[in-house]
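Asker: what's the 3D shape of this:
(2 chains)
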Amino acid sequence: MICQECGKKPATLHFTKIVNGEKTEFHICESCAREKGELIPGTTNGFSIHSLLSGLLDFDPTGKGNATGQKAQVIRCEACGLTYSQFSKIGRFGCSSCYKHFEDRLDPLFKRVHGSTKHLGKIPKRRGGTIQTKRELEDLKKELQYLIIHEEFEHAAQIRDQIRELEKRISAG
Amino acid sequence: MVTHKFTEHALSDWMRGKGPDSEIVISSRVRIARNLNMLPFPMLATNQQSKEILETLSHVLESKELANLGQFNEVLLSDLNELEKRVLVEKHLISPNLANESRNGAVLISDNEAASIMINEEDHLRIQCLYPGFQLEEAWEMASQIDDIFEDQVDYAFDETRGYLTSCPTNVGTGIRASVMIHLPALVLTQQMNRLLPAITQVGLAVRGIYGEGSEAVGNLFQISNQITLGQSETEIIENLYSVAKQIIEHEKAAREKLMLESSTRVKDRIQRSFGILSFAEVMDSKEASQRLSDVRLGLDLGIIDGVSSDVLNELIVMSQTGFLQQYYGHKLNTEERDFYRAKLIRDKLSKS
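Answerer: Below you'll find the predicted structure:
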């Protein structure tokens, strides 16, 4: 078999890449593989957590396929100048603003890495006030739903009052 | 120079303490990653910016609150030679990343070396706390206290939804990496490790060998750590790791009992043989040293060997590493010399203890 990239050298690497459930087969020679910078297990490139990550990052979560492929290249963090494609190669953010500028693409990434997209841990004390209240509010709303479904209306009314109280506090700042 | 204090002795003071389950769990560690708001992460920071980061964070050293937790000394990476850096890495006081790749990197190390605070590593701030034995909760509380002190004086990069923002997406949220260093000779000997490994990774934890190449665990020492940092609270993360590690400890204990029940003569022979070789060998490479020290540690735990303290074994794990060996004998050593001096060092230490 001849390398599908250069069409000259014999293909020595055969692998299947599955991205978002879509299978693609590759038959390429080693020099093309290295040029393409593909992450291929078992080659001498070695692999780090970051190159593994870039495998996760290098896909289009909008699901619009190649049509937006060009556009994907120019998503850029306005604060530090890192582009999304650089981010997906290095596997590291450049600054805290990258989280804002790449936001649309991060949910699927975090879902894959952590199985979740929302922080539930420690909160800095000086910012803690309102965040803590919002979290409590969310918990209470969930509880309210549960109580209504289970027809525990008396208790639900109490929770509803607590929710109102919290909402007042949040809007008052 | 304060650095000497940290590079001269192989055994950190905190290691002398005994923790729960210390016959199987060597140490518990928690590290948390934090970044300053409004400044690029170290990877993209300019020289000037990374200096600013260093200054801002070093300033916290002067706070009374930090002094209450212990005496901290600042060590600038630029003041260290290659060998000294290597020794600090071997003692787990700094990361290889800080040693080799940082710009304006520094570390604040507490007197007993239980806490080390790295500046300008992959993140602006990495707080690490080490405890002997199985004490994850304690390590987290200490790290969190240090975190509070920093938070009080600097402005962290924090987002309501994503939590603490980190350079690597694998750390975002809590920024916490908790781990235990655990000695599992019986599970390896009875070939149960291979069955355990996939199960451990399935619950969001990672296992890797320590001091070994790749996944190979030289000396039967493994590190188990959490992989997930987002979507769970720190307490949940610690509890999850704790309960899985607890189960592994129970498996190891059961495997040890079974070994002693079914093949005690062979186990004893193996342990005494290793003890004999360590006590008399003239040449010892690092792989053999780790394996034999593991045997002796098992022998000590099972009461087969006495007259050796676990402190000496812990000390030898670090001392027989390449960097420390050269530091100890005061000059660069080639491979052959290293193996010779390693054997000598082990003989001396074992006969003295």
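Asker: Now for the chain, the helix or strand with the poorest mean pLDDT.
Answerer: Unless you meant another one, I'm taking chain A. helix A:69-72 (a mean of 48; mean pLDDT, DSSP states H and E).
Asker: Please determine whether the longest strand belonging to chain B lies in contact with chain A.
Answerer: In chain B, taking DSSP state E as the definition, the longest strand is strand B:25-34. No. Remark: strand B:25-34 sits outside contact range of chain A, by Cβ under 8 Å from any Cβ of the partner chain, the gap being at least 8.7 Å. C-beta coordinates here come from the backbone N, C-alpha and C atoms, glycine included.
Asker: which residues in chain A form strands?
Answerer: In chain A, strands defined by DSSP E lie at A:13-19, A:22-28, listed in chain order.
Asker: Just the mean pLDDT for the first one, thanks.
Answerer: Right, strand A:13-19. For strand A:13-19, the per-residue pLDDT values average out at 61.
Asker: Kindly report the same for stretch B:110-124.
Answerer: Throughout stretch B:110-124, pLDDT has a mean value of 95.
Asker: Determine if any part of it is in contact with chain A.
Answerer: Yes. With Cβ under 8 Å from any Cβ as the criterion, chain A is reached by stretch B:110-124 at B:Glu122.
Asker: in that stretch, what counts as buried?
Answerer: Across stretch B:110-124, burial judged by 16 or more other Cβ atoms under 10 Å in any protein chain shown covers B:110, B:113-124.
Asker: Show me the shaky parts of chain A.
Answerer: Applying pLDDT under 70 to chain A flags residues A:12-24, A:26, A:30-73, A:127-130, A:173.
Asker: domains in it, as residue ranges please.
Answerer: Under automatic domain parsing, the residue ranges defining each domain of chain A are A:1-58, A:61-119, A:128-172.
Asker: residue ranges of the helices in chain A, please?
Answerer: Counting by DSSP state H, chain A has helices at residues A:30-36, A:49-57, A:69-72, A:84-90, A:98-101, A:103-114, A:125-149, A:153-172.
Asker: Can you add mean neighbour count and distance to chain B and give those helices back as JSON lines?
Answerer: Listed next are the helices of chain A as JSON lines, based on neighbours: other Cβ atoms under 10 Å in any protein chain shown; distance: least, Cβ to the nearest Cβ, whole Å:
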{"stretch": "helix A:30-36", "mean neighbour count": "16", "distance to chain B": "22"}
{"stretch": "helix A:49-57", "mean neighbour count": "17", "distance to chain B": "7"}
{"stretch": "helix A:69-72", "mean neighbour count": "12", "distance to chain B": "17"}
{"stretch": "helix A:84-90", "mean neighbour count": "18", "distance to chain B": "8"}
{"stretch": "helix A:98-101", "mean neighbour count": "21", "distance to chain B": "5"}
{"stretch": "helix A:103-114", "mean neighbour count": "17", "distance to chain B": "4"}
{"stretch": "helix A:125-149", "mean neighbour count": "14", "distance to chain B": "5"}
{"stretch": "helix A:153-172", "mean neighbour count": "13", "distance to chain B": "13"}
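Asker: Take those and write them to CSV, including distance to B:Lys51.
Answerer: As requested, those are exported to CSV (distance: least, Cβ to Cβ, whole Å):
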stretch, distance to B:Lys51
helix A:30-36, 38
helix A:49-57, 26
helix A:69-72, 35
helix A:84-90, 23
helix A:98-101, 22
helix A:103-114, 30
helix A:125-149, 25
helix A:153-172, 40
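Asker: okay but B:Lys349 is in contact with B:Val312, surely?
Answerer: Yes. Checked against Cβ atoms under 8 Å, the pair B:Lys349 and B:Val312 is within contact range at 5.5 Å.
Asker: Relative to A:Gly94, how far out is A:Tyr84?
Answerer: Distance from A:Tyr84 to A:Gly94, counting by Cβ to Cβ, to the nearest Å: 11 Å.
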